[in-house]
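Student: The following block contains a protein sequence and its predicted model.
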Amino acid sequence: MNVLLDNFALFRKGFVGTVELTLAASAIALVLGVLMAGCRVSPVRPLRILGGAWVTVLRNTPLTLLFFAVVLGLPRFGVVLPFFTLAVLSLGCYTSAFICEAVRAGINTVPVGQGEAARSLGMNFGQTLDLIVLPQALRAVIPPVGSTLIALAKNTAIAGSFSVVELLGTYRTLNELGYDIVVTFMWIAVGYLIITLSISALFRFLEKRLEVAR
């Protein structure tokens, strides 16, 4: 307990940093993921190509490499942003590819007749997707989206290598101060466990709230 109590402010700062990274990146990932899922099922071919390329490139690019591309690449084009913002963009864009596929799979569970009925009423593609398809697909996508966001929370550890304050990075300071590295990592693991279990509990609540009685 001494490691935690003597360095509580440091652990708290890292914990809060990880939570902030997770929340901000999750917001970007969810918005981009839904948009790209819409592109992937769109009747417009260029949008389908865009969605497919987005998913293919990001899902097959190591996250660390994406961090390097964003942190080192954007400044070369005159885009200078705080490291925290760059980390959020990297995490959000990377995770959006997985969110996209989860949402697309959920969309595919909605019977085709639902979309045809909507079109027969004069709805365009955007209205059909927004008002008819996505609300029904929501139930199916909650579990995979929850798992993806849990993975995102753990992926925030990479940001510590790019001068962003987060939970895992606290071990460097504590190691320099001579604290037992095993005990340090134990408390770091507890911090991540709190975050991931909170996300899991939230999505279990949503799943139960939206489930259909059988």
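Tutor: On my side now, so go ahead. Residues are numbered from 1 along each chain as shown.
Student: immediately after the helix or strand encompassing R119, which helix or strand?
Tutor: Element membership for R119, per DSSP states H and E: helix 112-120. Note on helix 112-120: by DSSP H and E, the next helix or strand toward the C-terminus is helix 125-127.
Student: list the buried ones in whichever helix or strand comes after that next one?
Tutor: On the C-terminal side of helix 125-127, the closest following helix or strand by DSSP H and E is helix 134-155. For helix 134-155, burial by neighbour count (16 or more other CB atoms under 10 Å) applies to 134, 137, 139-142, 144-146, 148-150, 152-153, 155. Placement of C-beta: from N, CA and C, glycine included.
Student: From A117, how far off is I199?
Tutor: Separation of I199 from A117 (CB to CB, to the nearest Å): 36 Å.
Student: more neighbours, these two?
Tutor: I199 (18 against 13; other CB atoms under 10 Å).
Student: Let me know the pLDDT of L4.
Tutor: Listed pLDDT for L4 reads 72.
Student: biggest helix in this protein, by residue count?
Tutor: Using DSSP state H, we find that the single longest helix of the chain is helix 8-40.
Student: Can you spell out which helices and strands pack onto that one?
Tutor: helix 45-59, helix 83-108, helix 134-155, helix 170-176, helix 181-210 (3 or more CB pairs under 8 Å, 6 or more residues apart in numbering; DSSP states H and E).
Student: Low-confidence ranges, this structure, go.
Tutor: 2-3, 5-6, 211-214 (pLDDT under 70).
Student: contacting residues around A87?
Tutor: Neighbour list for A87: 21, 25, 67, 156, 159, 162, 164 [criterion: CB atoms under 8 Å, 6 or more residues apart in numbering].
Student: Now the two most distant members of these.
Tutor: A25 and F162 (13.6 Å; CB to CB).
Student: who's more crowded, the two?
Tutor: When neighbours are counted by other CB under 10 Å, A25 and F162 differ, and A25 comes out ahead with 26 against 19.
Student: Excluding sequence neighbours, find me the nearest residue to that one.
Tutor: Among residues not flanking A25 along the chain, L91 sits closest, at 3.7 Å (CB to CB, 6 or more residues apart in numbering).
Student: distance of that neighbour from I194?
Tutor: 19 Å.
Student: what's the answer for I181, then?
Tutor: In this view, I181 and I194 are 21 Å apart by CB to CB.
Student: what's the answer for V70, then?
Tutor: From V70 across to I194, the span is 28 Å (CB to CB).
Student: Same check on N7?
Tutor: For N7, the distance to I194 - CB to CB - is 17 Å.
Student: Return the residues in contact with the closest residue to G115 other than its chain neighbours.
Tutor: Nearest non-adjacent residue to G115, counting by CB to CB, 6+ apart: T128, 5.4 Å away. For T128, the contacting residues are 115, 118-119, by CB under 8 Å, 6+ apart.
Student: What remains of those residues if I keep only buried residues?
Tutor: Here, 16+ other CB under 10 Å leaves 115, 118 buried among these.
Student: so what's the residue nearest to G169 when sequence neighbours are not counted up against?
Tutor: Leaving out its chain neighbours, the residue that sits closest to G169 by CB to CB, 6+ apart is G160, at 3.3 Å. Contact analysis of G160 by CB under 8 Å, 6+ apart lists 166, 168-169.
Student: how near is N155 to F125?
Tutor: 33 Å.
Student: if we can go back for a sec, packing partners of the helix holding R119?
Tutor: By 3+ CB pairs under 8 Å, 6+ apart, helix 112-120 packs against no helix or strand.
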